[in-house]
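> here is my input; please provide its structure:
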Amino acid sequence: MQEISAEKLGEQLQDEDEEAPLVLDIRHQGDFEEWHIPGSRNIDVYDELSDDPEQAVEPLSDLPADRQLVTVCAAGVVSQTATEVLRELGYDAVTLTDGMNGWSRVHRHAEVPADIDGTLVQVARPGKGCLSHVLVSDGEAVVFDPSHYLDEYEAILDEYDSELVGVFDTHAHADHISGGAELADRHDVPYYLHPKDALAIDATPIEDGETLTAGQLDVEAIHTPGHSEGSLSFAVDGSALLTGDTLFHQSVGRVELGVEAGIEESDVEGNAATLYESLQRLLDHSDDVLVLPAHDPGSPEPPVTETLAEVKNQNDDLDRDREAFIEELASDIPDHPPNFERVKMTNVGQESVPADELAELELGPNNCAAE
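Next up is the predicted model:
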């Protein structure tokens with residue numbers, strides 16, 4: 001069976017010098033609309049391919065003959081049948097290995113253009129919309145919001161010849177499993193998480209105003225609750241502001257996930273009011289500070305950065321007064337991230353998920369923004 005890895009497909013989709021393959025997603029239309037590879041085309045023949053592949057021949061017969069086709073489904077199984085049908089029709093077709101599951105594992109990294117005495121590396125997962133960061137200075141490194149694919153971060157530590165001295169999570173995430181505690185344990189360094197989110201997990205507490213160092217750089221913790229009770233933002237040497245899921249470039253964090261997961265005793269309106277106050281603290285920073293959230297709603301290619309001035313100019317949530325802000329966030333609830341209850345409970349230490357189930361548990365879009 002002809003296959004292509006998610007990493008190779010990602011490279012081809014980025015290559016401006018060559019015509020990219022046509023990504024053909026054969027899942028149900030609803031699944032496609034919820035989460036798909038940017039630029040892909042949906043032909044919903046999943047049931048036909050599963051029941052009787054001959055029924056899929058006609059829908060698949062009117063495709064470009066001069067482009068390679070990459071078939072996609074959730075796990076790369078039914079899409080193999082699609083590839084077989086297409087190749088019998090004369091198309092140059094291959095299957096995306098592990099389907100959307102494989103796409104979810106792709107990580108890319110690039111340096112952030114921050115004016116600091118060191119290097120700030122952004123790690124993006126295009127398939128999840130997740131952003132994490134590695135700060136390197138004077139041979140020391142700290143990692144913020146790592147995924148559970150730890151080899152990606154080990155490679156960056158090796159690339160920059162740096163020693164890990166700490167791992168931070170901005171909050172207990174609801175859309176993906178954190179690798180923070182495991183990465184810290186590997187290197188015998190502290191795993192920092194605010195006590196309000198470290199409900200049943202062994203973490204080094206970090207509080208508002210606490211300053212830690214990495215090489216020549218100061219990292220200041222700012223307690224910015226609202227999205228979760230333990231949400232933190234981090235100011236890096238006055239040049240970068242890692243805002244977690246508190247502040248995105250065009251939105252803010254949603255306020256009901258912890259309540260609906262049953263791990264917060266607060267209510268949605270109270271969380272919205274708290275988030276409003278947290279945002280005011282972040283907006284007091286210099287307009288030229290770089291805002292680096294933990295997610296991007298699209299398919300991010302690093303580095304994804306905006307200055308605080310740019311965020312203020314384009315983020316409609318920041319234009320609302322307190323009452324309108326609370327009403328909007330408490331009443332307009334978008335779709336939840338898939339399996340958010342179990343993901344959230346895993347990240348606060350209240351549930352243990354076998355390693356071979358982690359990838360499937362976090363499949364799907366992040367959906368952590370309020371709108």
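> three-state assignment of L363?
Three-state call for L363 (DSSP: H, G, I helix; E, B strand; the rest coil): coil.
> wait, what's in contact with it?
Contact analysis of L363 by Cβ atoms under 8 Å, 6 or more residues apart in numbering lists 74, 100-101, 104, 338. The C-beta positions use only the backbone N, C-alpha and C, and glycine is treated the same way.
> and if you look at V142?
Counting by Cβ under 8 Å, 6+ apart, V142 makes contact with 134-135, 164-168, 212, 214, 219.
> which strand or helix spans it?
strand 140-144 (DSSP states H and E).
> ok, R342 next?
Assessed by DSSP H and E, R342 sits inside helix 340-347.
> now that helix, how far from the centre of its chain.
Centroid separation between helix 340-347 and its chain, computed with Cα atoms, centre = their mean, to the nearest Å, is 15 Å.
> what's the average pLDDT for it?
For helix 340-347, mean pLDDT is 87.
> swap in stretch 213-227?
96.
> for the residue nearest the centre of the chain, list the residues it contacts.
The centroid of the chain falls nearest to C130 when counting by Cα atoms, centre = their mean (1.5 Å). With contact set as Cβ under 8 Å, 6+ apart, C130 has these partners: 124, 145, 147, 175-176, 294-295, 366.
> run the last query once more with 10 Å
104, 107, 123-124, 145-147, 173, 175-176, 294-296, 300, 362, 366, 368 (Cβ atoms under 10 Å, 6 or more residues apart in numbering).
> so of the residues you listed, which ones are in strands?
123-124 (DSSP state E).
> just the ones of the contacts of C130 in helices?
S104 (DSSP state H).
> from the contacts of C130, list the buried ones, please.
Among the contacts of C130, those scoring as buried are 104, 107, 123-124, 145-147, 173, 175-176, 294-296, 300, 362, 366, 368 (criterion: 16 or more other Cβ atoms under 10 Å).
> pairing partners for the residue lying closest to R87 once chain neighbours are set aside in the sheet, please.
Among residues not flanking R87 along the chain, A93 sits closest, at 5.3 Å (Cβ to Cβ, 6 or more residues apart in numbering). A93 has these beta-bridge partners by DSSP bridges: L69.
> contacts only, for A93.
A93 touches 2, 21-22, 24, 60, 63, 68-71, 79, 82-87, counting by Cβ under 10 Å, 6+ apart.
> please list only the buried members of the residues you listed.
Looks like those have 21-22, 24, 60, 63, 68-71, 79, 82-86 buried, using 16+ other Cβ under 10 Å.
> re the thing from before, the contacts of A93 in helices, which ones?
79, 82-87.
> ok, for S40, nearest residue in space, not its chain neighbours?
V23 (3.7 Å).
> if you rank every helix and strand of the protein by mean pLDDT, what lands last?
Least confident helix or strand of the chain, by mean pLDDT, DSSP states H and E, is helix 257-260 with a mean of 76.
> for the helix or strand following it, list the C-alpha coordinates in PDB.
Scanning forward in sequence from helix 257-260 by DSSP H and E, the next helix or strand is helix 268-283. Output in PDB follows, covering the C-alpha atoms of helix 268-283 (Å, rounded to 0.1, in the frame of the first residue of the first chain):
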ATOM      1  CA  VAL A 268     -19.600  30.500  34.500                       C
ATOM      2  CA  GLU A 269     -20.600  34.100  35.200                       C
ATOM      3  CA  GLY A 270     -18.100  34.300  38.000                       C
ATOM      4  CA  ASN A 271     -15.300  32.900  35.800                       C
ATOM      5  CA  ALA A 272     -16.200  35.500  33.100                       C
ATOM      6  CA  ALA A 273     -15.900  38.300  35.600                       C
ATOM      7  CA  THR A 274     -12.600  36.900  36.800                       C
ATOM      8  CA  LEU A 275     -11.200  36.600  33.300                       C
ATOM      9  CA  TYR A 276     -12.200  40.200  32.600                       C
ATOM     10  CA  GLU A 277     -10.000  41.300  35.600                       C
ATOM     11  CA  SER A 278      -7.200  39.100  34.500                       C
ATOM     12  CA  LEU A 279      -7.100  40.600  31.000                       C
ATOM     13  CA  GLN A 280      -6.800  44.100  32.400                       C
ATOM     14  CA  ARG A 281      -3.600  43.000  34.100                       C
ATOM     15  CA  LEU A 282      -2.200  41.800  30.800                       C
ATOM     16  CA  LEU A 283      -3.300  44.900  28.900                       C
END
